[in-house]
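1. Sequence plus the predicted model coming up.
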Amino acid sequence: MTQLISKKNLRLDGRKLDELRPIKLTVGVLKNADGSAYIEWGRNKIMAGVYGPKECHPKHMALPDRALLKCRYHMAPFSVDDRKPPQPSRREIELSKIIREALSPAIVLEDFPRTAIEVYVEVLQSDGSSRIASITAASAALADAGIPMRDLVVGCAVGKVQDKIVADVSDTEDKEGQVDLPVAFMPNLNLITLLQSDGALTKDEFEKAFKLALEKGRYVYEIVRDALLEGFVGRKNEKEGN
Amino acid sequence: MTQLISKKNLRLDGRKLDELRPIKLTVGVLKNADGSAYIEWGRNKIMAGVYGPKECHPKHMALPDRALLKCRYHMAPFSVDDRKPPQPSRREIELSKIIREALSPAIVLEDFPRTAIEVYVEVLQSDGSSRIASITAASAALADAGIPMRDLVVGCAVGKVQDKIVADVSDTEDKEGQVDLPVAFMPNLNLITLLQSDGALTKDEFEKAFKLALEKGRYVYEIVRDALLEGFVGRKNEKEGN
Amino acid sequence: MTQLISKKNLRLDGRKLDELRPIKLTVGVLKNADGSAYIEWGRNKIMAGVYGPKECHPKHMALPDRALLKCRYHMAPFSVDDRKPPQPSRREIELSKIIREALSPAIVLEDFPRTAIEVYVEVLQSDGSSRIASITAASAALADAGIPMRDLVVGCAVGKVQDKIVADVSDTEDKEGQVDLPVAFMPNLNLITLLQSDGALTKDEFEKAFKLALEKGRYVYEIVRDALLEGFVGRKNEKEGN
Amino acid sequence: MSAEERKHEFVDSIRREQVFRTLETGVRLDGRKMDEYRKIKIEVGPIVKADGSALVQIGNTKALVGVKVLVGTPFPDTPDEGILTVNADILPIASPYEEPGPPDESTIELSRVVDRGIRESHMVDMESLVLEKGKKVYSVFVDVTVLDVDGNLFDAVSYAAVVALATTKYRKATLKGDQVVFSEKRVPLKPKTIPSSVTTAKIGRALVVDPDWVEEAVMDARLTLTFNSNNELCAMQKGGTFGFTPEEILKQMEVARAKAKENRAILKEAIEGAKKK
Amino acid sequence: MSAEERKHEFVDSIRREQVFRTLETGVRLDGRKMDEYRKIKIEVGPIVKADGSALVQIGNTKALVGVKVLVGTPFPDTPDEGILTVNADILPIASPYEEPGPPDESTIELSRVVDRGIRESHMVDMESLVLEKGKKVYSVFVDVTVLDVDGNLFDAVSYAAVVALATTKYRKATLKGDQVVFSEKRVPLKPKTIPSSVTTAKIGRALVVDPDWVEEAVMDARLTLTFNSNNELCAMQKGGTFGFTPEEILKQMEVARAKAKENRAILKEAIEGAKKK
Amino acid sequence: MSAEERKHEFVDSIRREQVFRTLETGVRLDGRKMDEYRKIKIEVGPIVKADGSALVQIGNTKALVGVKVLVGTPFPDTPDEGILTVNADILPIASPYEEPGPPDESTIELSRVVDRGIRESHMVDMESLVLEKGKKVYSVFVDVTVLDVDGNLFDAVSYAAVVALATTKYRKATLKGDQVVFSEKRVPLKPKTIPSSVTTAKIGRALVVDPDWVEEAVMDARLTLTFNSNNELCAMQKGGTFGFTPEEILKQMEVARAKAKENRAILKEAIEGAKKK
């Protein structure tokens, strides 16, 4: 078993227990998608793109009172250590649903009845906590597409490693640690929209981990807001020919 | 080679050559289906459920002068000794067709043009002659759904084992015997609607086996009629609050 | 390595470098298809059949200003040395597209807006240069169906074998030779509609090979024209009861 | 999920009427007698890349079968038997009602009925196809390509499969350790019996053999019966959305038994003819 | 690609109104209290051809699980562990909104959540399921057939899977060279813990356990929590297109922890009852 | 079954007119000359989890390739060669005309044309990729993810694949009995040549290189030519539903031969640049 946390409470990559990995987010990176965002979170490299509101195909799926939200989470074959076969795995199908449900409450779907909004997440390199990085990027891409939103959805995966609660679980910590607990939420509306866990947690451990996730998620929120602002300014300058 | 028939003309499970296994049939066992029936026939355990007449999807399959009959025969993965993969096998696809064609003449399809009637058979445990038990249960489920019928479809699989003609072929007799000959028919209209066989039969053997199948099928008919009556009385009592 | 060309410049099957294998083409060989042609080209045995112009399914694929051309190239499981699995391989999918694009400019698609024309090619036995033989047969089947055409599409696969340019590449020459270069074209309109190659060619070699392909293709054109004439006469005689 | 196909809706009511009215006069629309087959034509060995092949025509119906004998792993429950696979493909050119794509339920039924006719007659000696028990056996692929459909596919495909198998010569394989080595020597797949399939149909009150496409379109039900060389019934399949009376079954059985013998003679002639070459 | 399913559109607005109004008075439409389960019925071992089986009913919801223990090759990254596969099928007869075909995303989520509850509780001793490290291990198939749907599939399927596994007796296998030999002797798959799943739902301002179909149709969000025998949380899954406040999460956690204990007692009773037979 | 895709219907007639009218004046809509490529940008090694990777942009077209070198069983007919697989995925975000799902015929053609360019140039020494003849070989997966589509995918994907392969370093494997053991040591997949792909298009009477999306939408036909380091033609593919005259073919051949040399220099610079790091 690898020693995941040193005596000085430092993790394999040198982080403190409650420290996030570096996060870099850029919006408006694709020509074809209506909105897009690229995130590097640790070694995670994830591209999110959004189309819509657009005509809903097939028509019988259209909803009379709101837009239909569609979502796909997909991993490139080279994104993980072993090659991932291109066709969607059961894990990817589950995550597509979970991510859709996490994003759904943030979008003002009722503004666009009978249309569809499509969210695509492509994991180019995966490095632990990729579903949270995906939701964060997707949330930014939705905003970049100009789709009206009630709030952003951001989050953090916390975990238990060598009996200690840590923030922003890495690949190795996910595989060799005890618990992975991803949390996504809308910071302004104070609503948790994704919550999963695996591995044993006592009552106290859960409460500590949960609190940590919310705290760190609020920090991620700041990053997304800044990136959107930068993207907005960038596009404005482009328009005005600066 | 197993000794399938004793010197006293008794079979592995103690039955006489022309003896059926115990049959237990109950109708109205599911909440969601419009009609349902559960049959235990030997160790066969089979659930049949019916929907309809209902809107036909896709629409271009609808028939202008009668209801479209759809039918699926499916085996649960745990229903046989080896695990059966969940996706339909070629055998299941063939049997779905054969069972549909066996039931079709009994249903007054022309009463419901442009609609669909769906029959689902799920084999929870399979034990020889399952297609006949399936048709019997499906027939009862159709009646339970209140769909107008010209007759019930019932039957019996007969066979040749150690050169003797036997009724109601069991799993082992099917696998190790010489001939399996399932027959389904409408007793009142005197029409054979399913007939298959494999294994060599002389003219005389065929005629003897065929006659036995019809005779035993008529006995199965009594069982189904009683079960339907019981189901009818049960529902009537329920309604009247008894 | 097999000796593919003898000192006397003869090939394995005794042909000269620029000699075609025997070609036999018959049209109108199927009852159900609207047009059909059967070609034997060396040991290639290929059946082509055409339907249309007919209603376009699904409707949303119909084109407002011309017929939609559909095409399938498929190999029978027994057509090659190893058994080919029945479902279409990636190679068959690519060739279906390439053949469709090769035939498309020859058909007066704009005469039949909103309809579909379907071309099916079934390789019963494959023996090198099968895509060219397929296009040739498909072209004849289209004409047999009475679909208005600007020209026929015919061709020849040339190649490089033991550093020599040869016409009409055989199975063994394709596998053990250096280059395969199939060319299909419309002789009267002087337009190349299929052109592929694999294996290294200098500028001079390419030009020599390309010229040879066009020359031999013109000879194939004569064969097709004769077969169509024969088919036409045959049908005329049939009609007139001769 | 099984559902009625609409192919047969396309026969118009006038044609339907014609079929029935003609049958009442005791002949069929194309002039045949009730128990008469259309002309059966057999070409042996058209596909030299296959180990055995045959093209069979019954009237306009045209079925090509190629047999390939490969080496594979036996099924766990039959370690001492070879593998036989019948796989049919009805080409889109064979009928305007066929679509390209994986086999539909009718095509699967066709494969399985032909398979049972061969398997249950014990035509192929499965136990002779073992290289090493439980490890390696010959795997016989019987691939069917239907080129043109004009009714009675069951018999046409069965005849093509039987003739192709009976004339199959496959390369002998031996095992060297884990590896399979094929010799140049070819051995025949000697048939133990020649199964003969006969398909009958009920149209109104009439019972006919070898229904053509129009007859299939209007028929009530179908019965396919396969007999081994002793003329014992060895496989049977009823089809169609109506039924037979018990008397009709017994009557068809005897008509078919006689026809099976006649048609077996045709198959045998083709097989023997090929051997002489 | 994931997209919202329309199954829940079918609850009419009157029914929806009823659910909400009743909840405001502190009871549920069927008279239950907020933290009350419907009657849980368990039948152990209905499928004798499986190595373990259980039929669980929660109200009208009905789930059947059969366990088969086969032998297979381990995953390359876990050469010293057996294989556990949970595979759910919701039959078309179980609900008018189910179609025949491969599992949709909800069914896949169901399989995976039940799988995680079992796996993360370490109920099954995966390391005891190795025949030869890196070569052959036992492969445990937990196949789920849902027969009737009336809400809370997560718990019903989890209970059926847990009881079926806890009562599984499989045939011992040994390796002779490459070959797997099964003995007649059966050994129990001893559970290391009994995971207990509790599903809660948020409907407007109310939090309830064991939602039935109508409640699921109108709920905002769902939370499924699985606890091991020490009553530690070992798996969790939020579902539904709305969210929970942090306080609601913490409250549900404690309600569920208590319910998990109660329901584990029911599971244990069924398991013990079966052993005595 | 192949059928024309409607993606290109979406260019309106005004735009179409513009393209043609501009070309008549000897320049292209975006100001380029007939034989001028858009800016080619190459990033080497963005995916550290792959054994080799490259991101190539030609104008707005963006293709990412990751190479993984695994160990597998050779094909029976090439026991003494490794395996090379090119597999392309055009993401739905890359173009409004792409749908999620298995690759369509255009994507399969793209994979196969890029594959042939690499294979027929003998860039990868397939015989050096054998661990044990007929048993175990290296299997090189070249996985392509297209992120943004603005025409000329053939060249962009080819360049990304070539650069990724030329900079691939894979873990050396050895066989211990049946088992594959990977060492930590990485060895480069030394390219024997650097194939350079050039795509040209015919638009009316004009012949251009590197067509962008609008040009592809209105073009008559396309020709992709790949040349090896000796600048010999080693693979070729015509596309599009119209044709070329023989003279046009010969002319394009020579334009492409010159461009291939220029672009190969760009590829080499990127490859060498990466090695120095």
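-> That came through fine.
2. Pick out the residue of the stretch 51-200 of chain D closest to chain B.
-> Residue nearest to chain B within the stretch 51-200 of chain D: D:Glu120 (4.3 Å; C-beta to the nearest C-beta). Where you see a C-beta, it was placed from the backbone N, CA and C, and this is true even at glycine.
3. Give me the number of neighbouring residues for the closest residue to A:Glu19 other than its chain neighbours.
-> Counting by C-beta to C-beta, 6 or more residues apart in numbering or on different chains, A:Glu19 lies nearest to A:Ala167, which is 6.6 Å off, once chain neighbours are set aside. Look at A:Ala167: counted by other C-beta atoms under 10 Å in any protein chain shown, it has 24 neighbours.
4. Touching, A:Ala167 and A:Ala213? I think so.
-> Yes - taking contacts as C-beta atoms under 8 Å, A:Ala167 lies within contact range of A:Ala213: 7.4 Å.
5. Quickly list what's touching both of the two.
-> Between them, A:Ala167 and A:Ala213 have A:Cys156, A:Val158 as joint contacts when contacts are counted by C-beta atoms under 8 Å, 6 or more residues apart in numbering or on different chains.
6. shaky segments in the stretch 1-150 of chain D?
-> Residues of the stretch 1-150 of chain D that meet the criterion pLDDT under 70 lie in D:6-10.
7. Quick check: longest helix in chain A by residues?
-> For chain A, the helix reaching the highest residue count under DSSP state H is reported as helix A:203-239.
8. can you count the residues close to the residue of chain A at minimum distance from chain F?
-> Closest approach of chain A to chain F (C-beta to the nearest C-beta) occurs at A:Phe78, with a separation of 2.5 Å. The number of residues packed near A:Phe78 is 27, by other C-beta under 10 Å.
9. quick revisit: please name the residues that touch the residue of the stretch 51-200 of chain D closest to chain B.
-> B:Asp198, B:Gly199, B:Ala200, D:Thr226, D:Cys234, D:Ala235.
10. Pull the most distant pair out of the residues you listed.
-> Of all pairs drawn from the contacts of D:Glu120, the one with the largest separation by C-beta to C-beta is B:Gly199 and D:Thr226; the distance is 11.2 Å.
11. more crowded one of those two?
-> D:Thr226 (30 against 22).
12. Would you mind listing the residues in contact with the more buried one?
-> Contact criterion C-beta under 8 Å, 6+ apart gives D:116-117, D:120-121, D:158, D:195-198, D:233-236, D:260 as the residues in contact with D:Thr226.
13. do the same with A:Ile192
-> A:Ile192 is in contact with A:Val183, A:Ala184, A:Phe185, E:Lys238, E:Gly243, E:Phe244, E:Thr245, E:Pro246, E:Ile249, counting by C-beta under 8 Å, 6+ apart.
14. Am I right that it falls within a strand?
-> Yes - inclusion of A:Ile192 in a strand is indicated when DSSP: H, G, I helix; E, B strand; the rest coil is applied.
15. ok, now how distant is it from E:Met236?
-> 11 Å (C-beta to C-beta, to the nearest Å).
16. D:Gly239: how many residues sit nearby?
-> By other C-beta under 10 Å, neighbour count at D:Gly239 equals 22.
17. wait, it sits on D:Met219?
-> No - in terms of C-beta under 8 Å, D:Gly239 does not count as a neighbour of D:Met219; the distance is 9.2 Å.
18. least trustworthy helix or strand in chain A by mean pLDDT?
-> Taking mean pLDDT, DSSP states H and E as the measure, helix A:203-239 is the helix or strand of chain A with the lowest mean score, a mean of 91.
19. Say whether chain E is contacted by that one.
-> Yes - when contact is scored as C-beta under 8 Å from any C-beta of the partner chain, part of helix A:203-239 falls within range of chain E: A:Lys203, A:Phe206, A:Glu207, A:Phe210, A:Leu214.
20. Please compute how far that helix lies from its chain's middle.
-> Counting by C-alpha atoms, centre = their mean, to the nearest Å, helix A:203-239 is centred 10 Å from the centre of its parent chain.
21. Next, the buried residues of it.
-> When burial is assessed from 16 or more other C-beta atoms under 10 Å in any protein chain shown, helix A:203-239 yields the following buried residues: A:205-207, A:209-210, A:212-214, A:216-217, A:220-221, A:223-225, A:227-228, A:231.
22. C-terminal to the helix or strand hosting D:Ile108, what's the next element?
-> Using DSSP states H and E, D:Ile108 falls within helix D:105-120. Following the chain from helix D:105-120 toward its C-terminal end, the next helix or strand by DSSP H and E is strand D:130-132.
23. Not counting sequence-adjacent ones, nearest residue to residue 26?
-> Reading this off chain A. If the residues on either side of it in the chain are set aside, A:Thr26 comes closest to A:Tyr38, at 5.1 Å by C-beta to C-beta, 6+ apart.
24. Wait, chain D was what I had in mind.
-> In this structure, D:Gly26 finds its nearest non-sequential neighbour in D:Met34, 7.5 Å apart by C-beta to C-beta, 6+ apart.
25. What lies in contact with stretch D:35-44?
-> The set of residues that contact stretch D:35-44 without belonging to it, under C-beta under 8 Å, 6+ apart, is D:28, D:30, D:32, D:53-59, D:159-160, D:163, D:167, D:208-210, D:212, D:255, D:258-259, D:263, D:266-267, D:270-271, D:273-274.
26. Would you mind measuring from the nearest residue to A:Asp151 once chain neighbours are set aside to D:Leu189?
-> Nearest residue to A:Asp151 in three dimensions, chain neighbours excluded: A:Met186, at 3.8 Å (C-beta to C-beta, 6+ apart). In this structure, A:Met186 and D:Leu189 are 71 Å apart, going by C-beta to C-beta.
27. any chance you could map the helices in the chain?
-> Just going to use chain A. Secondary structure of chain A (DSSP H): helices located at A:90-103, A:130-144, A:171-176, A:203-239.
28. look at chain D instead
-> Shown for chain D, the helices assigned by DSSP H span residues D:13-24, D:105-120, D:153-166, D:213-218, D:246-276.
29. Which among those helices is found nearest to D:Val144?
-> Nearest of the helices of chain D to D:Val144, taken as C-beta to C-beta: helix D:153-166 at 5.3 Å.
30. wait, what's in contact with the nearest residue to D:Val144 once chain neighbours are set aside?
-> Closest residue in space to D:Val144, ignoring its immediate chain neighbours: D:Ala88 at 4.0 Å, by C-beta to C-beta, 6+ apart. Taking C-beta under 8 Å, 6+ apart as the criterion, D:Ala88 is in contact with D:Pro103, D:Thr107, D:Ile108, D:Leu110, D:Ser111, D:Val114, D:Val144, D:Val146, D:Val157.
31. go again using 7 Å as the cut-off
-> Residues touching D:Ala88, when contacts are defined by C-beta atoms under 7 Å, 6 or more residues apart in numbering or on different chains, comprise D:Pro103, D:Thr107, D:Leu110, D:Ser111, D:Val144, D:Val146, D:Val157.
32. if I look at the residue lying closest to A:Asp163 once chain neighbours are set aside, how far off is A:Val166?
-> If you skip the residues right next to it in sequence, A:Asp163 has A:Gln178 as its closest partner in space, 7.3 Å away by C-beta to C-beta, 6+ apart. For A:Gln178, the distance to A:Val166 (C-beta to C-beta) stands at 10 Å.
33. More neighbours: which of those two?
-> When A:Gln178 and A:Val166 are compared on other C-beta under 10 Å, the one with more neighbours turns out to be A:Val166, at 26 against 18.
34. Just want the residue of chain A that's nearest chain C.
-> As assessed by C-beta to the nearest C-beta, chain C sits closest to A:His57 within chain A, at 9.3 Å.
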